[in-house]
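J.: Whatever this is, show me its structure:
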Amino acid sequence: MAFLSPPKITNMDEARSHRTFALVLLMFVYAFNFIDRRIMGVLATPIKAEFNFSDAEIGMLTGFFFAIVYTVLGVPIARIADATNRKTVLTISLTVWSAFTALSGIVTSKLGMIGARMAVGVGEAGGSPPAHAIVSDLYEPANRARALAIYSSGLYIGTLLANVGGGWISDAKNLAPIAGALAPIGIKIEASELWRLAFFMVGLPGVLFAIIIHLFLREPLKGLSGAKPSTEKFTFVQSFKHLWSLKSFRFFSLATGAGTFVTYGLNDWMVSFMERSHGLSRSEIGVTFGLVAGIFGAVGTVGGGLLADHFGKKDRRWYLWVPMWGKLLGGPLFLAGMFVPNPYMALACYGGGLILAAAYLGPSLAVTHSLVRPGMRAMSSAVLFVFLNILGIGLGPMFVGMWSDMANDIATCPINDVAVQALRACPTVTDLTGALIQGGYIPAKTVVATDTLAAAIQSGFDVRPLIDKPADMFGNLTGQIGTVIAAGVALLGVVLMAMKKVKPRWGLTIIGGAALIFLIVSFSAGAFDPTFKNWAFSLRSAFPGMETLGVNKESLRWAMVLCILVTYPMAILWHWGAMALPKGDIDDNGDAVGKEAVAGAGLEGDPIAGKT
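T.: Sure, this is the predicted structure:
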């Protein structure tokens, strides 16, 4: 990759002359990362109709499966980035995820879509850790939080572009002329499949931008912004052990995960919420929601970094108090956005909450990097992102989808049907929709409404086979793919222990993580369906007013409300993390200096006085 690549930066004078340009380039790399990630949320409705995905499956697709691949591969890729050329890792990763985003437009099955999105996760796993390390080496500690915040604002630039561009592209009337131009050369695209073009139109530019990164971005020496450049190399286990030994990191890493559970849980479903509850078209939502999420989120992210740097000069704890206050003040605004009747007021409340809630990323990364040595920075980002990705990206969208499905099943239950009364159980909306499409009662490639289901059932459709259907988590792709992932993670733990690469307790921890993955997959893949069908009947009987939720409508609103309420109290973890931060000054190796220093403190334990 050295061909046509500019030379490395070897001193801070060169760094200062190049770093603004480099930061802008890296910010747009992160924007492409989120364009390719967010496009699934924008296109959720036509993809749901095309493949008869449930809300839970959409949440698994955009969240859990993606996050598992992203997190597991983020660790070795960060190790490679710390040990080799970080720009090369970044360039290859950008090319991979952009290419597979484009290829998502040609899949013809659920399995193909799941595979394509997991491949996008493979590429995106190599995006942030090397970029974080490059930024930290270009900026001194006093300016690092704001620099990382500016880089992280690419998240919301990507969200803006994905929503505005994806919403416009996926609207059939906007792409009809393109489809008409392709028809004479033998490329025929049905109106219901014009969403496929959106994947190509957002994926291919990323491949071109990877060439720009290779040609113009300069790699700084590792540790350049510290006392001296670093040649140290650390493993994930060393990095994790070091960070987890710090009480402060344990608190704020969990707080980061809880905070992103809300932001991703809301953000990934906001387009569907505006479609279902407010009746806006995707092109309308794309412009309005895209501008709100992009601008307000970027302002919050950059503002959080600036505030943390400003107040943190006097008291380091403000690096974690700024995110805490953002989450505490943003929660009520998010809730207001779920209930106001006007769609534009809803978006205004969401935007106000997002400005506050988005203030966490730059400060949390800056604190993490301040606690480690320069050669560990990319790996420390990977460690923090384990919590952010699994709890936030992985579980947030998935649980909102699962809660929405549960409410859908209750609201749609044909409570007066003879079979339902006899078995005291309700069929699931996903099973109902699939059976009605197969029986010709409703057209394929459609997202049904309550009236449509009710009319089909009243026409004589027998729901008994759907209620009697046994639990079979291995009979669907969610269960099959999730089980393979869980088995792979468990096998990794066994192999690492056998090769003595990790201590037994770490190997058993990995195996325990595999068991947790299997439990989550079992839950969402239908292993407990008979129990949920009985619960749905009981709740529908106890609360008959739940029928007003309507299938695929208000159920999503209440699932998003629950997402906010569940994690709101966890904002206190930011404060506990702040109070556990080391006292006194820390040098750029993460070591205490002055009277707070401990002789011999280093990587194997807590480098800070008092074993914080």
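
J.: Is residue 31 in contact with residue 162, as I believe?
T.: No - Residue 31 sits out of contact with residue 162 when judged by C-beta atoms under 8 Å, with a separation of 9.1 Å. Where C-beta positions appear, they are placed from N, C-alpha and C, glycine not excepted.

J.: More neighbours: the two, which one.
T.: When residue 31 and residue 162 are compared for neighbours, residue 162 comes out ahead with 29 against 24, by other C-beta atoms under 10 Å.

J.: for the more buried one, what are its contacts?
T.: Applying C-beta atoms under 8 Å, 6 or more residues apart in numbering to residue 162 gives the contacts 34, 35, 36, 37, 38, 39, 41, 42, 202, 290.

J.: any idea which element it lies in?
T.: Per DSSP states H and E: residue 162 is located in helix 154-170.

J.: Check the offset of that helix from the chain's centre.
T.: Relative to the chain's own centre, helix 154-170 is displaced by 15 Å; criterion: C-alpha atoms, centre = their mean, to the nearest Å.

J.: next one: stretch 193-206
T.: Centroid separation between stretch 193-206 and its chain, computed with C-alpha atoms, centre = their mean, is 20 Å.

J.: how about that stretch: buried residues?
T.: For stretch 193-206, burial by neighbour count (16 or more other C-beta atoms under 10 Å) applies to 194, 195, 196, 197, 198, 199, 200, 201, 202, 203, 206.

J.: The last one belongs to a helix?
T.: Yes - read with DSSP: H, G, I helix; E, B strand; the rest coil, residue 206 is one of the residues of a helix.

J.: That one is in contact with residue 98, isn't it?
T.: Yes - here residue 206 lies in contact with residue 98, judged by C-beta under 8 Å, at a distance of 2.8 Å.

J.: Please identify every residue contacting each of these two.
T.: 32, 36.

J.: Identify the residues contacting the most centrally placed residue in the chain.
T.: For the chain, residue 393 is the residue whose C-alpha lies nearest the centre (C-alpha atoms, centre = their mean; 2.8 Å). Residue 393 makes contact with 63, 66, 67, 70, 260, 264 under the criterion C-beta under 8 Å, 6+ apart.

J.: Read off the pLDDT value for the nearest residue to the second one once chain neighbours are set aside.
T.: Distances taken as C-beta to C-beta, 6 or more residues apart in numbering place residue 121 nearest to residue 66, at 4.5 Å, with adjacent residues excluded. Among the per-residue scores, residue 121 holds a pLDDT of 85.

J.: Please apply the same query to residue 505.
T.: Residue 505 carries a pLDDT score of 78 in this model.

J.: Give the helix, strand or coil label for it.
T.: Residue 505 ends up helix, using three-state DSSP.

J.: and the helix holding residue 162, which residues are buried?
T.: With burial defined by 16+ other C-beta under 10 Å, the residues of helix 154-170 counted as buried are 154-170.

J.: and if you look at stretch 204-220?
T.: Buried, per 16+ other C-beta under 10 Å, within stretch 204-220: 206, 207, 209, 210, 213, 214, 217, 218, 219, 220.

J.: Could you measure from the third one over to residue 357?
T.: Which is residue 209. Here residue 209 is placed at a distance of 28 Å from residue 357 (C-beta to C-beta, to the nearest Å).

J.: same thing with the fifth one?
T.: In this structure, residue 213 lies at 30 Å from residue 357, with C-beta to C-beta as the measure.

J.: Quick one: mean pLDDT over stretch 130-143.
T.: On average, the pLDDT along stretch 130-143 is 84.

J.: Flag every buried residue along it.
T.: Quick answer for stretch 130-143 (16+ other C-beta under 10 Å): 130, 131, 132, 133, 134, 135, 136, 137, 138, 139, 141.

J.: Stretch 567-579 now?
T.: Under the neighbour-count criterion of 16+ other C-beta under 10 Å, stretch 567-579 has 567, 568, 570, 571, 573, 574, 575, 576, 577, 578 buried.

J.: So what's the predicted local confidence for the fourth one?
T.: So the one you mean is residue 571. 89.

J.: Quick check: chain neighbours aside, which residue is closest to it?
T.: Nearest residue to residue 571 in three dimensions, chain neighbours excluded: residue 327, at 4.2 Å (C-beta to C-beta, 6+ apart).
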